[in-house]
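Trainee: Sequence and predicted structure are below.
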Amino acid sequence: MKRDSKFEILRIFSMFMIIIFHFEYFGQQWRINSSHSFVNYLLLASYLSIGKLGVYLFVMITGYFIGNRTILIQKSLIKSFNIWIQTFYYSVIIFVLLCLMHFTAFSFHGLVKVCFPFLTDQYWFVDGYIILLLLIPFINLTLARISKSQFLYLILIISFFASALAPIKSIIFSSELQFGYLIPPYLIGAFMKKYQHKVNYVKTKILSVYLLIIFCAAVCYQLGRTAYINIFYFGILQLLMAYLIFSWFANGRSFYNVTVNKFARTVFASYLITDNILIKNILWNLPLFHDKSYTLLQINLVGVVIVIGLLIICSIIDYVRIIIFNHIKMDSYAKTVIDNLGRSKHC
């Protein structure tokens with residue numbers, strides 16, 4: 001089945017937002033203490049507010065396409081295994097290459113950490129996403145049996161605890177770096193597919209929410225009241241904007257473009273590579289990003305170009321991985337492993 005390219009563009013766009021957020025969060029936040037310009041605060045907020053928006057959109061796509069389907073446990077396990085092995089592949093390859101290039105020192109402890117990235121919380125999103133995939137067969141059974149009003153109630157309750165409370169440092173249900181944070185966008189994506197929900201004046205609402213977010217965040221910086229700044233970066237407003245953007249795309253014209261779809265297939269690698277703990281310590285601390293001679297506007301324009309370049313380079317790198325995995329028939333291997341596990345439980 002051919003994937004609708006409008007959603008593949010959204011997938012690429014969501015990954016761009018995640019990485020440009022990392023650029024701003026790890027490479028430019030030092031400017032907050034040295035800047036007293038409201039315009040600069042607006043610029044910082046305009047980037048820092050889209051990272052978790054990208055996360056929400058990425059998961060919403062998953063909910064839209066599989067949230068209303070009956071998913072077998074075996075299929076869920078295979079999908080989870082494939083993501084795990086892809087993460088393992090990049091984690092180990094990066095460690096070995098950086099050791100050979102003398103960017104990091106080899107140690108047995110370091111090797112164990114990269115071999116088991118989930119045990120050390122290196123990739124919070126991968127951890128949460130795999131847990132979500134493992135639970136989807138059971139979540140979907142529930143969603144298939146509830147009414148529309150019950151579905152809405154479920155979304156509101158989960159969104160309150162996972163998205164509204166998390167930014168105010170409440171961990172009663174989740175934080176912005178835990179599995180629970182991913183449940184609301186999955187439910188919303190599934191709801192929008194099931195009921196073909198459409199939002200009127202959606203572009204105006206997207207712009208209004210975005211401007212509200214960055215203006216309020218900039219005011220907080222200007223007044224020095226940043227204790228709960230994460231409300232504007234990691235909270236319910238991002239979920240609302242993700243819902244609006246997704247509605248805009250979902251109700252847009254469908255089309256198919258082979259280049260877009262091939263690029264989208266590899267875009268997840270850009271997260272696995274650039275957010276690797278060893279890579280990001282090098283990447284976002286390049287002297288260029290800490291050069292005070294550049295204004296915030298100038299360095300952000302440079303950052304956009306660099307992030308686009310990273311997406312393209314990582315996509316090319318991932319094509320190599322795909323060729324390798326296809327050669328060793330990784331999908332068949334994953335299915336065999338899961339089947340054998342299933343048989344062993346019946347013995």
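Mentor: Arrived safely.

Trainee: Leaving out the residues flanking it, which one is nearest to T226?
Mentor: Taking CB to CB, 6 or more residues apart in numbering, and ignoring the residues beside it in sequence, T226 has C220 as its nearest neighbour in space, at 5.4 Å. Placement of C-beta: from N, CA and C, glycine included.

Trainee: Touching, the one you found and I214? I think so.
Mentor: No - with contact defined as CB atoms under 8 Å, C220 does not reach I214; the gap is 10.7 Å.

Trainee: residues shared between the contacts of these two?
Mentor: Common contact partners of C220 and I214 (CB atoms under 8 Å, 6 or more residues apart in numbering): F232.

Trainee: ok now do I172, which residues does it touch?
Mentor: F161, L165.

Trainee: So, low pLDDT: which residues of the chain?
Mentor: Scanning the chain for pLDDT under 70 picks out 1, 119, 331, 333-335, 337-347.

Trainee: State which helix of it is the longest.
Mentor: Longest helix in the chain, counting residues (DSSP state H): helix 296-327.

Trainee: what packs against that helix?
Mentor: When contacts are defined as 3 or more CB pairs under 8 Å, 6 or more residues apart in numbering; DSSP states H and E, helix 296-327 packs onto helix 5-27, helix 38-48, helix 73-100, helix 258-266, helix 268-274.

Trainee: Relative to the whole chain's centre, how far out is that helix?
Mentor: Distance, stretch centre to chain centre, for helix 296-327: 15 Å (CA atoms, centre = their mean, to the nearest Å).

Trainee: okay, the angle between that helix and helix 258-266?
Mentor: Helix 296-327 runs at 90 degrees relative to helix 258-266, counting by axes from the mean of the first three to the mean of the last three CA atoms, to 10 degrees.

Trainee: Enumerate the positions of helix 296-327 that are buried.
Mentor: 296, 299-300, 303, 306-307, 310-311, 314-315, 317-318, 321, 325 (16 or more other CB atoms under 10 Å).

Trainee: Pull the most distant pair out of those.
Mentor: Put simply, by CB to CB the two of the buried residues of helix 296-327 set farthest apart are L296 and F325, 41.0 Å from each other.

Trainee: Tell me how far the residue nearest to T226 lies from I32.
Mentor: The gap separating C220 from I32 is 11 Å, by CB to CB, to the nearest Å.

Trainee: tell me which element I61 is part of?
Mentor: helix 51-66 (DSSP states H and E).

Trainee: tally of neighbours for the nearest residue to F289 once chain neighbours are set aside?
Mentor: Excluding its sequence neighbours, the residue lying closest to F289 (CB to CB, 6+ apart) is G27, at 3.9 Å. Applying other CB atoms under 10 Å, we find 20 residues neighbouring G27.
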